[in-house]
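> coordinates only, no sequence provided:
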């Protein structure tokens, strides 16, 4: 801000000159004192000049008693999990009152390296939503998988120094932090030396190990699934992000631990949110409604989506309605059933009555395509030879990225190969390295996904995003993998050797170039076919649940292209179990 604009802001605030815009007769949500103020909101040059009575402006809008609250801020989200580009992501979120997100692009960076970050930054410039990126901290997420790139501390520094990112994104390698590994310390110090925030990821970490994680400077955690985890982290000075995503939904559980004494350390977040969910339920506006349903006061819920988020993300210019702050505002009529009617970003009306108003321009995606490389794959690699009839299986937990380790009794043929039993909810699951044509394939077992016939394959396999496929027979699994190669990633459903459903995600194998509505329609059809035709359990999301089965930083058991990973020990374990 220069002297001229500062003088104008002060003059408008003092009532000496007219504002650009005055929202008159408003009920203003004061998130500092948890009160409702009556009056006008004066805006000039994209900032709030004042709140009170008698302001005049070049434009005035009589709100007739409607509520005005700060724009919503999501402190941790992955754009790629929406399956749409950043430009489209902004179009979907802003009508729901979201004005700022802190996005971790580790999905695309795990595929394409920092070239992927560059694309995301450029694409974000084409949306009114303020998408602020964090530097992916774990590329790859573990040393027990092959990603498309490796990002070390030295690679991060140019982005830090160019202010391309706001800090270091979720540190998923929590064992590396707890054990003070050299390369981890280098990354932590690269951020700390520049006073940048470091985001956390520490599921089921307790006591001295949690102390070590917090001592490293980790500021928050979005992986709490129990009230005790929430309390443990708040007690150590961390913020807790109460997550309500498309699959991982911890909000209702964690709200039981939110009190008058700790709510200021609690923030609403989505983490992974599909376009379909945005269109059907919304974003943080939906989380606020859930909070109210669970007995949280509306203003308290709004605080957890605004001022708490701004403070934890070190955004001193937003998160409240006060003189000098950005005019990021939302308007609604009913405080107890919040439905966003209009969204302003930096003083401009960006969305009204559910419609995003700006014209959308997209950046080129030419440099972030053609990312599926499995030239050496052959069907024989899908065989699973077991030393006994007892085997480890990844057991799905509905609505969670967490899994259990299950010991199952299975059938084998005369050569020791696993044989699918239609009476048992256990199928093969395989991860196929897709970045460097290494030929790596690892096959394990999946329990309680519900698949009864055919196969489902994805190029969305958190966090390295190799190809992942589960099926009742090798032929359909191989067909799914070949189809994924041909359509450059996405989702494929196969029955009896034929592709019966697909959703192409040609941008890094993660995102579509279609609209959110088109993607949501495709996803709905994928879900229908998966549930009704292939028999996938109604309790699980066919796409996101399967994609989480390779997430080797979330307990208990996961699978990568290298092996079956016991996340509690951070080591590879055999599929076979001695009888």
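Everything's here; your move. These numbers come from a predicted model, not from an experiment.
> list the buried ones in stretch 124-131?
124, 126, 127, 128, 129, 130, 131 (16 or more other C-beta atoms under 10 Å). In this view, the C-beta of every residue, glycine as well, is placed from N, C-alpha and C.
> which non-adjacent residue is nearest the fourth one?
Of all residues not flanking residue 128 in the chain, residue 350 sits nearest, at 4.6 Å (C-beta to C-beta, 6 or more residues apart in numbering).
> what's the answer for the third one, then?
In space, residue 127 comes closest to residue 90 once its chain neighbours are excluded; the distance is 2.9 Å by C-beta to C-beta, 6+ apart.
> could you do the fifth one as well?
Distance criterion C-beta to C-beta, 6+ apart; nearest residue to residue 129, sequence neighbours excluded, is residue 90 at 3.4 Å.
> following the strand ranked longest in the chain, which helix or strand comes up?
Counting residues, the longest strand in the chain under DSSP state E turns out to be strand 19-30. Proceeding N to C from strand 19-30, the next assigned helix or strand is strand 35-44, under DSSP states H and E.
> quick check: residue 280 vs residue 458, distance?
Plainly put, residue 280 is 21 Å away from residue 458 if you go by C-beta to C-beta, to the nearest Å.
> higher neighbour count, the two?
Between residue 280 and residue 458, residue 458 has the larger neighbour count (other C-beta atoms under 10 Å), namely 27 against 12.
> what's across from the more buried one in the sheet?
Per DSSP bridges, the residues bridged to residue 458 are residue 468, residue 491.
> what sits against it?
467, 468, 469, 484, 490, 491, 492, 543, 546, 547 (C-beta atoms under 8 Å, 6 or more residues apart in numbering).
> ok, how many other residues are close to the third one?
Other residues lying near residue 469 total 28 when counted by other C-beta under 10 Å.
> repeat that for the second one.
Neighbour count of residue 468, defined by other C-beta under 10 Å: 29.
> kindly report the same for the fifth one.
Neighbours of residue 490 under the rule other C-beta under 10 Å: 26.
> thinking again about what came up before, pull out the buried residues from the helix or strand hosting the residue nearest to residue 128.
Per DSSP H and E: residue 350 is located in strand 348-352. Neighbour-count burial for strand 348-352, with 16+ other C-beta under 10 Å as criterion, is recorded at 349, 350, 351.
> for these, which one is nearest residue 314?
Each of the buried residues of strand 348-352 was checked against residue 314 using C-beta to C-beta; the closest is residue 350, at 23.9 Å.
> okay but the closest one is in contact with residue 94, surely?
Yes. Applying C-beta atoms under 8 Å as the test, residue 350 and residue 94 come out as touching, 5.3 Å apart.
> which residues do the two both contact?
128, 343, 356.
> please enumerate the helices of the stretch 101-250 of the chain.
Secondary structure of the stretch 101-250 of the chain (DSSP state H, counting those that start in this stretch): helices at 106-112, 114-124, 153-161, 174-178, 182-192, 207-215, 227-235.
> for the nearest residue to residue 275 once chain neighbours are set aside, grab the count of nearby residues.
Among residues not flanking residue 275 along the chain, residue 516 sits closest, at 4.1 Å (C-beta to C-beta, 6+ apart). A total of 22 residues lie near residue 516 under the criterion other C-beta under 10 Å.
> swap in residue 444?
Around residue 444 there are 26 other residues, counting by other C-beta under 10 Å.
> hang on, the earlier thing: can you put the contacts of residue 458 in a markdown table and add pLDDT and distance to residue 60?
Putting these into a markdown table (pLDDT from 0 to 100; distance: C-beta to C-beta, whole Å) gives the following:
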| residue | pLDDT | distance to residue 60 |
| --- | --- | --- |
| 467 | 98 | 57 |
| 468 | 98 | 55 |
| 469 | 98 | 59 |
| 484 | 98 | 55 |
| 490 | 98 | 49 |
| 491 | 98 | 49 |
| 492 | 98 | 55 |
| 543 | 95 | 47 |
| 546 | 97 | 53 |
| 547 | 95 | 49 |
